[in-house]
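*Asks:* predicted model follows, preceded by the sequence.
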Amino acid sequence: MAEIEYFYAAHSAYAYLGSARFMEIAAAAGRQIVHKPYDLRAGIIGVGSSVIGERTAGHLEYYFGREVERWSQFRNAPVMKRLPTHHHKSTTPSNTMLIAGIVQGLNIDQLAHAMLEQHWRYDVDLADLDTLRAIARSLDIDPEPLLAASGSSEVLDIYNANTAEAIVRSVFGSPTFFIDGDMFYGQDRLELIEQALRTPFTLKLPS
C-alpha cells in the first residue's frame, strides 16, 4: 500500500486540529499513514526556528489563540479556551508510547488522535503514565506492553532517528506530511494534500 509519512508530536495543537480530517483523506486515498512521532522542541531548534519561549507575546496570542480558534471552528475540532495546563511537560512518554505501538505491530491512528484530542480538548497530562493508560484502554488497547517498551533502547533509537530525520529533511514543525517525497507543512495544507493524492503537483521551483 502506498504511504504518507507523518511527522508530528503527540501534544501538537495543529496536529490535533487536522488529525481527523487527515485520517479521512488518507483512508479515502487508500494510503497507509507512516507515523513518525518526533521531539518537536529539538526539531524546532534543529531547523533554526525560534523556540516558544523566544517568541513575542503577540505572536503566541495569534498562533495559539486566534488561529487555533478559527481552525477549531473550521475543522469542527473543539479546543479549550487556553493553553493546556500541562503543555510544557515532557512529550517523550506519549511519543514513545506511540512508537512502541508501531514496533508491536499496532495500527496507532486512533491512539495518536485520542492523545491529541484529550490534551487539547480535555486538558489531560500526556506526561502522566496513568493518563496514557486510560487513553489506551478507552480504545481497547492494552497499555502495559506499550509502556513497558516505551523506554527501551529500540524505541528510543527510533524516536531519536525520527527527530534527526525531521531536521535533515527540514521539517519546520508539527504536523508535516510527505506525499511521495513532496513535503507539506501544516494542517492547513490538507486540502493541497487531498489534491496531490488525486493528481500530484508537477511544478517545482528551481533549486
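*Replies:* Everything's here; your move. These numbers come from a predicted model, not from an experiment.
*Asks:* helix or strand right after the lowest-mean-pLDDT helix or strand in the chain?
*Replies:* Lowest mean confidence among the helices and strands of the chain (mean pLDDT, DSSP states H and E): helix 57-61, at a mean of 78. Downstream of helix 57-61, the first helix or strand assigned by DSSP states H and E is helix 67-75.
*Asks:* for that next one, give me every contacting residue.
*Replies:* 13, 14, 17, 18, 20, 21, 77, 78, 79, 187, 188 (C-beta atoms under 8 Å, 6 or more residues apart in numbering). For every residue, glycine as well, the C-beta is placed using N, CA and C.
*Asks:* likewise for stretch 16-29?
*Replies:* Contacts for stretch 16-29 (C-beta under 8 Å, 6+ apart): 2, 4, 6, 32-33, 68, 71-72, 75, 77, 79, 109, 112-113, 116-117, 119-121, 175, 177, 186-188, 190, 193-194, 197-198.
*Asks:* just the buried residues from the residues you listed, in PyMOL please.
*Replies:* To isolate the buried members of the contacts of stretch 16-29 in PyMOL, using 16 or more other C-beta atoms under 10 Å:
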select buried, resi 4+6+33+68+71+72+75+77+79+109+112+113+116+117+119+120+175+177+186+187+190+193+194+197
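*Asks:* from the contacts of stretch 16-29, which land in strands?
*Replies:* For the contacts of stretch 16-29, the ones inside strands are 4, 6, 32, 33, 177, with DSSP state E as the criterion.
*Asks:* who's in contact with the third one?
*Replies:* Same thing as residue 32. By C-beta under 8 Å, 6+ apart, the neighbours of residue 32 are 1, 2, 3, 4, 26.
*Asks:* with just CA atoms, put the helix or strand containing the last one into CSV.
*Replies:* By that I understand residue 26. Following DSSP H and E, one finds residue 26 within helix 13-29. Extracted in CSV, the C-alpha atoms of helix 13-29 (Å, rounded to 0.1, in the frame of the first residue of the first chain):
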residue,chain,number,x,y,z
ALA,A,13,-2.2,21.8,18.6
TYR,A,14,-2.1,21.9,14.8
ALA,A,15,-1.6,18.1,14.6
TYR,A,16,-4.8,17.8,16.6
LEU,A,17,-6.8,20.3,14.5
GLY,A,18,-6.0,18.4,11.4
SER,A,19,-5.9,14.8,12.7
ALA,A,20,-9.4,13.6,12.0
ARG,A,21,-9.5,15.2,8.5
PHE,A,22,-6.1,13.9,7.7
MET,A,23,-7.0,10.3,8.5
GLU,A,24,-10.2,10.6,6.4
ILE,A,25,-8.1,11.9,3.5
ALA,A,26,-5.6,9.1,3.8
ALA,A,27,-8.3,6.4,4.1
ALA,A,28,-10.1,7.7,1.0
ALA,A,29,-6.9,7.7,-1.0
